[in-house]
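A.B. asks: Sequence plus predicted model, see below.
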Amino acid sequence: MTLFIFTGDMLVMLFMVVVVVWVFWKSSDDTIKKSAEIPLKDEVREDEHAV
Amino acid sequence: MKILSSGTYSDRLVSYSVIFSLIWSILGMAAGVYVALELVIPTIDFGQEWLSYGRLRTLHTNAVIFGFGVTALMGTAFYSVQRTCHVELFSPRLAWFCIIAWQFTVLLGGLSLLAGWNAGKEYAELEWPIDILIAVIWVCFGIVFFGTIAKRKVKPIYVSNWFYGALIIVIAMLHIVNSLAIPVTISKSYSLFAGAQDAVVQWWYGHNAVGFLLTGGFLGMLYYFLPKQADRPIWSYRLSIIAFWAFTYSYIWAGPHHLHYNAIPDWVQTLGMVMSIILLAPSWATMVNAVMTVSGAPQKLKTDHSLKFIVLALAFYGLATFEGPMMAIKSVNAVSHFTDWTIGHVHSGALGWNALITFGTFYFLVPRLFNTQLYSKRLADIHFWLAISGTMLYILAMWGAGISQGLLWLSLGDLGELSYGFREIMASMQPYYILRVIAGLVFLSGAVVMIYNFFRTIAGRKTATVQIPAPSTASEQQVTV
C-alpha cells in the first residue's frame, strides 16, 4: 500500500511538472501580461461620478 | 470624447443577488447565534421541536452556505464572466431564473429542515425533492456561465472563470452522486450507498464542497475583484494558473481525512492525509500571489474599505489553509477530531475567509452597481473592526474549548481508565460557549451595520447601465493562454 500511495504521489508530481512546463512553454510574457490585464479594461462608464 | 461600446451588461440581476445574499447572511448568522446560545441555555428551545438544536443548526449551515454563499457566488460569477468575456450574459432570462429559483429552493429547504425533514448527511441534509430542484438550477447556472464563455469576444479565459467553472462542474458532480437515494415518501429517502462506502462518498462530497465551493468559488471572486479594486493586474498570472491546476488536482483526494480512525481502510485515511498536506502548496501560492498584488498598492489599502476586507480575508484564508492540513495529520487529528477545534477551524474559514471576502466584494459592488458613493465610510470602518473582533474571539474560544476537550478526553489514569467523564468535560466548556455567543453577536452586529450602510447607499436608486467595451482593445487580440 505504501508503494501504491508513493506511486500516486509521484503521478501527482508528474502532472504538476507537466502543467508548469506547459504554462511556461506555451505562453509568452506578452500574452500573459494581456491576460492578467483583462479585469482592468472591461467596462465603459459614461457617468462615473462616485466609483 | 465618445467612448465606443457594444451593448450593455446584465447587472440588474447581480444587484438582486447581492440583496438576497445579504438577507440570507442575517437569517443564517442569527440562527447560528441562537444555536450557540442553546448550548449555554438549553431550555431556550421552549420544548418546540422546530426550535431544537438539531433542526436550527442545519438551518444555520444551509442558510449561510447555500443562501448567503452560493447566492453571492452566482451574482459575482454573472458579474465577472460577462466583463472578462466582453459580452452580455448568455440568456439573461435563464440567469434570472437561477437567481430567483435558488432563493425559493433555499427557503423551501430551510422550512423542510425546520419541519424535521433530514437526509442525515452533513451539508447535504436536504431531502430528495429539494435535491432535484438544486440539480436543475445548478445545470441552468452552468448553461448561463459556459454559454457566456462560449460567445466571448476576449480569447483568453481569465483565471477567475477557471475557478467559477470548476465550482459549477465539481459541485454538480458531487451533489448528484452524493444525493443518489431511494425515495420512500415525499419527506424521506435512503442513500444508495451503505455503511463505510456511504461515509466515504459523503466526505468525498463534504470536503470537496468545502474545497470547490467555499474555497474555489471564492478564489474566483478573489482573482477578479482583488485586481479590480487594487487597480493592478494579479502579481503572477502564471502562478495563478499553476495554483488552479494544483488546487483542482489535489483537493479531490483529501476527503478521507474526515474519517481518520474510522471503519475505512487505513491506506485511504493515509492517502487523504498526504493529499491534504500537499494542498498547502497551491493554497499558499494563491495567498502569496494575492498579497504581492496588494503590496503594490499600499496607500489604497489604508483608505479602501473593500480592499481592507479582502486583505483581512486573505490572512484568514492563509490561517485556515495552514490549519486544515495540520489537522489532517492523523496524530493531530487524534486530539482535534470530535472537538470544538473543528468548529473553530470551520469558522476561521467561514467567517474569516468566506464572509469577509464577500463583504469586501459587496463594498466594491454596491456603489458601482448603483453608480453612487458609499453612504458612510465611518460605518464601514465600524463594520471592519466588529468583523475582525468577532472572528478572532470566535476562533480563540473554539481553540480553547477544542484543545481542552481533546486533551481531557485522552487523559488516562494510572490503571488506564479515562480520567474525566464526557459530562464533566462538557460542563467545563461553559465559559468558552459564552464567549462564542458574544463573538457571534459581535460579528452579526457588524453585518447589520453593513446592511444599514448599503440600504442608505442604494435607497431610491436604480442599477446603473454599464456598457461593454467595443471589440478593439488589446485584450481582445488573439492570445493562446
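C.D. replies: Done, it's in.
A.B. asks: mind listing the strands for chain B?
C.D. replies: Counting by DSSP state E, chain B forms strands over residues B:5-8, B:181-185, B:188-191, B:467-469, given from the N-terminal end onward.
A.B. asks: Output those as a markdown table; include the columns distance to chain A, mean pLDDT and mean neighbour count.
C.D. replies: Yep, even glycine has a C-beta here, placed from its N, CA and C like the rest. Putting these into a markdown table (distance: least, CB to the nearest CB, whole Å; pLDDT from 0 to 100; neighbours: other CB atoms under 10 Å in any protein chain shown) gives the following:
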| stretch | distance to chain A | mean pLDDT | mean neighbour count |
| --- | --- | --- | --- |
| strand B:5-8 | 5 | 79 | 14 |
| strand B:181-185 | 31 | 96 | 12 |
| strand B:188-191 | 28 | 95 | 17 |
| strand B:467-469 | 4 | 92 | 19 |
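A.B. asks: how about TSV for those strands, with distance to A:K41 added?
C.D. replies: Putting the strands of chain B into TSV (distance: least, CB to CB, whole Å) gives the following:
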stretch	distance to A:K41
strand B:5-8	13
strand B:181-185	48
strand B:188-191	49
strand B:467-469	7
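A.B. asks: Can you say which of those is nearest to B:E122?
C.D. replies: strand B:188-191 (12.8 Å; CB to CB).
A.B. asks: Could you find the closest non-adjacent residue to the residue in the stretch 1-150 of chain B positioned nearest to chain A?
C.D. replies: Sorted by distance to chain A under CB to the nearest CB, the residues of the stretch 1-150 of chain B start with B:R83, at 3.9 Å. Counting by CB to CB, 6 or more residues apart in numbering or on different chains, A:D42 is the residue found nearest to B:R83 once chain neighbours are left out, at 3.9 Å.
A.B. asks: pretty sure that neighbour contacts B:Y79?
C.D. replies: No: taking contact to mean CB atoms under 8 Å, the distance of 10.3 Å between A:D42 and B:Y79 leaves them out of contact.
A.B. asks: Settle it for me: which of these two has more neighbours?
C.D. replies: With other CB atoms under 10 Å in any protein chain shown as the criterion, A:D42 and B:Y79 differ in neighbour count, and B:Y79 comes out ahead with 27 against 23.
A.B. asks: So that one sits against B:V366, correct?
C.D. replies: No: between B:Y79 and B:V366 there is no contact, the gap being 11.8 Å when judged by CB under 8 Å.
A.B. asks: Where does pLDDT dip in chain A?
C.D. replies: Judged by pLDDT under 70, chain A has its weakly predicted residues at A:1-2, A:5, A:46-51.
A.B. asks: ok, longest helix in it?
C.D. replies: If each helix of chain A is counted by residues according to DSSP state H, the longest one is helix A:2-26.
A.B. asks: Show residues contacting it.
C.D. replies: For helix A:2-26, the external contacting residues (CB atoms under 8 Å, 6 or more residues apart in numbering or on different chains) are B:238, B:241-242, B:245-246, B:249-250, B:267, B:270-271, B:274-275, B:278, B:480-481.
A.B. asks: for it, which positions count as buried?
C.D. replies: Judged by neighbour count using 16 or more other CB atoms under 10 Å in any protein chain shown, the buried positions of helix A:2-26 are A:5, A:12, A:16, A:19-20, A:23.
A.B. asks: Take the residues you listed and lay them out in CSV including distance to B:A166.
C.D. replies: Compiled in CSV, these are given as follows (distance: CB to CB, whole Å):
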residue, distance to B:A166
A:I5, 25
A:V12, 17
A:M16, 16
A:V19, 14
A:V20, 19
A:V23, 17
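A.B. asks: number of nearby residues for the closest residue to chain A within the stretch 301-450 of chain B?
C.D. replies: Going by CB to the nearest CB, chain A is nearest to B:Q373 of the stretch 301-450 of chain B, at 4.1 Å. Residue crowding around B:Q373 was assessed by other CB under 10 Å; the count is 12.
A.B. asks: Surely it and B:V366 touch.
C.D. replies: No: between B:Q373 and B:V366 there is no contact under CB under 8 Å: 10.3 Å.
A.B. asks: Now the common contact residues for the two.
C.D. replies: In terms of CB under 8 Å, 6+ apart, B:Q373 and B:V366 are both contacted by the residues B:T457.
A.B. asks: give me phi/psi at B:G120?
C.D. replies: Per-residue torsions, B:G120: phi 80, psi 20 (degrees, to the nearest 10).
A.B. asks: burial measure for it, as a count.
C.D. replies: Counted with other CB under 10 Å, B:G120 comes out at 13.
A.B. asks: which residues does B:W102 contact?
C.D. replies: Contact partners of B:W102, counting by CB under 8 Å, 6+ apart, are B:70-71, B:74, B:137.
A.B. asks: what two of those are the furthest from one another?
C.D. replies: B:T71 and B:I137 (11.3 Å).
A.B. asks: who has more neighbours, the two?
C.D. replies: Neighbour tally, B:T71 and B:I137, criterion other CB under 10 Å: the higher count belongs to B:T71, 26 against 20.
A.B. asks: Now find how far off-centre stretch B:228-242 is within its chain.
C.D. replies: On the basis of CA atoms, centre = their mean, to the nearest Å, the separation between the geometric centre of stretch B:228-242 and that of its chain is 21 Å.
A.B. asks: Now do the buried residues in that stretch.
C.D. replies: Of the residues in stretch B:228-242, those buried by neighbour count under the rule 16+ other CB under 10 Å are B:228-230, B:232-242.
A.B. asks: what does stretch B:81-100 give?
C.D. replies: Of the residues in stretch B:81-100, those buried under the neighbour-count criterion (16+ other CB under 10 Å) are B:81-92, B:95-99.
A.B. asks: Out of these, list just those in helices.
C.D. replies: Secondary structure from DSSP H places B:81-85, B:92, B:95-99 of the buried residues of stretch B:81-100 in helices.
A.B. asks: Using CSV, lay out those together with distance to B:S419 and pLDDT.
C.D. replies: Conversion of these to CSV gives the following (distance: CB to CB, whole Å; pLDDT from 0 to 100):
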residue, distance to B:S419, pLDDT
B:V81, 57, 97
B:Q82, 61, 96
B:R83, 60, 96
B:T84, 58, 96
B:C85, 62, 96
B:P92, 63, 96
B:A95, 58, 98
B:W96, 60, 98
B:F97, 58, 98
B:C98, 54, 98
B:I99, 54, 98
